[in-house]
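Novice: with the input below, show me the fold.
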Amino acid sequence: MMRRVFLIVLDSVGIGEMPDAGLFGDEGSDTLRAASTSPYFSMPNMARLGLFHIDGTEWARDDGRFWKMEKAGGAEGSAPDGAVSHQGAVARMQEASMGKDTTIGHWEIAGVVSQEPLPTFLEGFPRELLDAFEKETGRGWLCNKPYSGTDVIRDYGEEHVKTGKLIVYTSADSVFQIAAHEAVVPVDTLYRYCEIARRLCTGPYGVGRVIARPFEGEHPFKRTSRRHDYSLRPPRPTMLDKIKGAGMEVLAVGKINDIFAGQGITEMVRTSGNGEGILRTLGYGKRSFDGLCFTNLVDYDMLYGHRNDVDGYAKALTAFDQALPELLAMLQEEDLLMITADHGCDPITPSTDHSREYTPWIVAGPKVRPGVNLRTRKTFGDIAATILDYLGVDAEGIDGESVLEQILREEP
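Specialist: The predicted structure follows:
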């Protein structure tokens, strides 16, 4: 019998600081709560599935706005004994890996915990690395500092256009980013430069991602949608490799293929934003396949979290909530829909970087037992273990524990 799992990562939608957030400079971070302060925030469908019953979301349950939201969505905010309080199975996920990066967050979702953090370069990259990069590309460089992606092209874009030097910058995350104007450096050439950087960024320079950041127009310039990420390969087999090795499909939507460096993917499609990511996922929902459709919706992080745009973040969450009924309607009898995140990116705190936060995990589908609350889990890897268990794939070597028996309805 065909079994499909649709796993959607709401990139950066954290739900509150983890106990060790102080080690990362992220005390007080709560991305979901920050977005909820906007008048544009509305998530009644996620409320109905149980978003505001997850550990740490007491702030929502104590707020009259969210009580009305849950009532409107068909759930009872404080259900009487014996009543079902929400329609999905939910949990709060704690990251076991040492970091708050997109790459290791997704690796852990796929069952690989990273005990060591990926290297960061808050003082800029070492000269020997940049000298090697300049020698191989034949182009000089500008900046070499942690920087906001929009600010860096504003501040260095004109010099880049005049000189042809590449804008190289980083952030608090483990990234080597290269920005270039498409009229100065064609996108294919920028991609080739990123491939060179990826090859050079190994060992002590082994950043999680090398990222192409093309831009266009006149000062202050505008980034284009032709971003491309070049990630490290996971250090060992992930859930994706296991599913592919079992002869099933692994369909990657958005930047999933980039994050896993193509490893364990059977088919991929890149997207221009959340809207296309949802449409592509719905498209795969019309296909017959056994296995996993793995989607990343990046706009929360890239367009709003990193720019401290609270209203933009709230509007994007509301748009996803409005699309949720169609995603649920596409599910067949044996399908599961899972919604989670990879880290936080609180749009209210002074920092514009990722934040060390818990993440939500919501599971829905015809076979899911309603009202289940798994409380707080010790690793994102429980997602991978549960998916593999559901698909009947061996999970040996995967970090995480399956909770499948707890979330499925009993067979009649």
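Novice: gap between residue 357 and residue 22?
Specialist: The spacing between residue 357 and residue 22, counted by Cβ to Cβ, to the nearest Å, is 13 Å. The way it works is simple: take the backbone N, C-alpha and C, and place the C-beta from them, glycine included.
Novice: tell me where the stretch 301-412 of the chain has helices.
Specialist: Ranges of helices within the stretch 301-412 of the chain are 310-329, 381-391, 404-407, based on DSSP state H, counting those that start in this stretch.
Novice: how long is stretch 29-47 end to end?
Specialist: Between the opening and closing residues of stretch 29-47 lies a distance of 21 Å (Cα to Cα, to the nearest Å).
Novice: buried residues in that stretch?
Specialist: With burial defined by 16 or more other Cβ atoms under 10 Å, the residues of stretch 29-47 counted as buried are 29-36, 38, 41-47.
Novice: and if you look at stretch 335-353?
Specialist: Using 16+ other Cβ under 10 Å as the test for burial, stretch 335-353 gives 335-349, 351-353.
Novice: re the thing from before, residue 357 and residue 22 - which one has more neighbours?
Specialist: residue 357 (29 against 12; other Cβ atoms under 10 Å).
Novice: for residue 180, give me its contacts.
Specialist: With contact taken as Cβ atoms under 8 Å, 6 or more residues apart in numbering, residue 180 is in contact with 160, 166, 167, 190, 193, 213, 214, 215.
Novice: list phi and psi for it.
Specialist: In terms of degrees, to the nearest 10, the main-chain angles of residue 180 are phi -150, psi 140.
Novice: and the gap between the nearest residue to residue 167 once chain neighbours are set aside and residue 169?
Specialist: Nearest residue to residue 167, sequence neighbours excluded (Cβ to Cβ, 6 or more residues apart in numbering): residue 179, at 4.0 Å. Note on residue 179: its distance to residue 169, by Cβ to Cβ, is 7 Å.
Novice: likewise residue 115?
Specialist: Applying Cβ to Cβ to residue 115 and residue 169 gives a distance of 28 Å.
Novice: between these two, tell me which one has more neighbours.
Specialist: Neighbours were counted for residue 115 and for residue 169 using other Cβ under 10 Å; residue 169 has more, 28 against 7.
Novice: may I have the secondary structure class of that one?
Specialist: With DSSP: H, G, I helix; E, B strand; the rest coil as the basis, residue 169 sits in strand.
Novice: show me the contacts for it.
Specialist: Shown in contact with residue 169 (Cβ under 8 Å, 6+ apart): 143, 144, 145, 146, 147, 149, 152, 177, 179.
Novice: repeat for residue 300
Specialist: By Cβ under 8 Å, 6+ apart, the contact list for residue 300 reads 10, 11, 12, 13, 274, 313, 316, 317, 345.
Novice: ok, the first one touching residue 344?
Specialist: No - between residue 10 and residue 344 there is no contact under Cβ atoms under 8 Å: 10.8 Å.
Novice: helix or strand with the lowest mean pLDDT in this protein?
Specialist: Least confident helix or strand of the chain, by mean pLDDT, DSSP states H and E, is helix 64-72 with a mean of 72.
Novice: heading C-terminal from that one, find the next helix or strand.
Specialist: Counting by DSSP states H and E, the next helix or strand C-terminal to helix 64-72 is strand 89-93.
Novice: so which elements touch that following strand?
Specialist: Counting contacts by 3 or more Cβ pairs under 8 Å, 6 or more residues apart in numbering; DSSP states H and E, strand 89-93 packs against strand 359-364, strand 372-377, helix 381-391.
Novice: quick one: closest of the ones you listed to residue 219.
Specialist: strand 359-364 (37.9 Å; Cβ to Cβ).
Novice: ok, that closest one: who's next to it in the sheet?
Specialist: As defined by DSSP bridges, the strand partners of strand 359-364 come to strand 89-93 (antiparallel), strand 336-340 (antiparallel).
Novice: of the contacts of residue 169, which pair is most distant in space?
Specialist: 144 and 149 (14.8 Å).
Novice: show me the strands in the chain, by range?
Specialist: Taking DSSP state E to define them, one finds strands in the chain at 4-10, 89-93, 141-146, 166-170, 175-181, 209-216, 222-223, 228-231, 249-253, 267-269, 291-297, 336-340, 359-364, 372-377.
Novice: so what pLDDT did residue 62 get?
Specialist: The model reports residue 62 with a pLDDT of 80.
Novice: now do the contacts for it.
Specialist: If you count contacts by Cβ under 8 Å, 6+ apart, residue 62 has none.
Novice: list phi and psi for it.
Specialist: With angles defined as degrees, to the nearest 10, residue 62 sits at phi -90, psi 0.
Novice: any weak-confidence spans in the stretch 51-200 of the chain?
Specialist: 67, 71-84 (pLDDT under 70).
Novice: and with 80 instead?
Specialist: 64, 66-85 (pLDDT under 80).
Novice: repeat for the stretch 301-412 of the chain
Specialist: Scanning the stretch 301-412 of the chain for pLDDT under 80 picks out the ranges 411-412.
Novice: stretch 245-255: how far from the chain's middle?
Specialist: 17 Å (Cα atoms, centre = their mean, to the nearest Å).
Novice: residues contacting stretch 129-137, please?
Specialist: Outside stretch 129-137, the residues that reach it (Cβ under 8 Å, 6+ apart) are 140, 141, 144, 166, 168, 193, 196, 197, 200, 201, 205.
Novice: go ahead and confirm the third one touches residue 124.
Specialist: Yes - counting by Cβ under 8 Å, residue 124 is a contact partner of residue 144 at 4.2 Å.
Novice: so these two - more neighbours on which side?
Specialist: More crowded of residue 144 and residue 124, by other Cβ under 10 Å: residue 144, with 18 against 15.
Novice: who's in contact with that one?
Specialist: Shown in contact with residue 144 (Cβ under 8 Å, 6+ apart): 124, 125, 130, 168, 169, 170.
Novice: with residue 369 instead?
Specialist: For residue 369, the contacting residues are 89, 406, 407, 408, 409, 410, by Cβ under 8 Å, 6+ apart.
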